[in-house]
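Peer 1: Generate coordinates for the sequence data below:
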Amino acid sequence: MCLDKVVMRFAGFVVLVSVALAHFVSPYWLLLTVFAGFNLIQASFTGFCPAAIVFKKLGAKPGVAFD
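Peer 2: Below you'll find the model as predicted:
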């Protein structure tokens, strides 16, 4: 699977988990959703994504968005 798909799936997973945690545990978990959204926005402008670096080191194939 290419790096772009892995990063987008991970971001979606983080958002869904944080919404579930906010519903069942504490509304403060929505801050994780805010962080994920902010990180996606800044990555779209800069091309820098910490998750992409981690997944690249774990062996994800290069994609188009993150070098």
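Peer 1: And the helices in the chain?
Peer 2: Secondary structure of the chain, counting by DSSP state H: helices at 3-24, 30-46, 50-57.
Peer 1: residues contacting the residue lying closest to residue 62 once chain neighbours are set aside?
Peer 2: Once flanking residues are discounted, residue 62 sits nearest to residue 3: 5.8 Å by Cβ to Cβ, 6 or more residues apart in numbering. Every residue, glycine included, has its C-beta placed from N, CA and C. Going by Cβ atoms under 8 Å, 6 or more residues apart in numbering, residue 3 touches 52, 55, 56, 60, 61, 62, 63, 65, 66.
Peer 1: Can you flag the buried ones in the residues you listed?
Peer 2: 52, 55, 56, 60, 63, 65, 66 (16 or more other Cβ atoms under 10 Å).
Peer 1: would you turn the residues you listed into a markdown table with pLDDT?
Peer 2: Below are the buried ones among the contacts of residue 3 laid out as a markdown table (pLDDT from 0 to 100):
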| residue | pLDDT |
| --- | --- |
| 52 | 91 |
| 55 | 94 |
| 56 | 93 |
| 60 | 93 |
| 63 | 82 |
| 65 | 78 |
| 66 | 71 |
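Peer 1: Flag every buried residue along stretch 11-21.
Peer 2: For stretch 11-21, by 16+ other Cβ under 10 Å, it's 11, 14, 15, 18, 21.
Peer 1: so where's this protein shaky on pLDDT?
Peer 2: 67 (pLDDT under 70).
Peer 1: can you tell me which residues contact the residue sitting nearest the centre point of it?
Peer 2: Centroid-nearest residue in the chain: residue 11, 2.9 Å away (criterion: Cα atoms, centre = their mean). Taking Cβ under 8 Å, 6+ apart, we find residue 11 in contact with 36, 39, 40, 51.
Peer 1: Please tell me how far the last one sits from residue 66.
Peer 2: Relative to residue 66, residue 51 is positioned 9 Å away (Cβ to Cβ, to the nearest Å).
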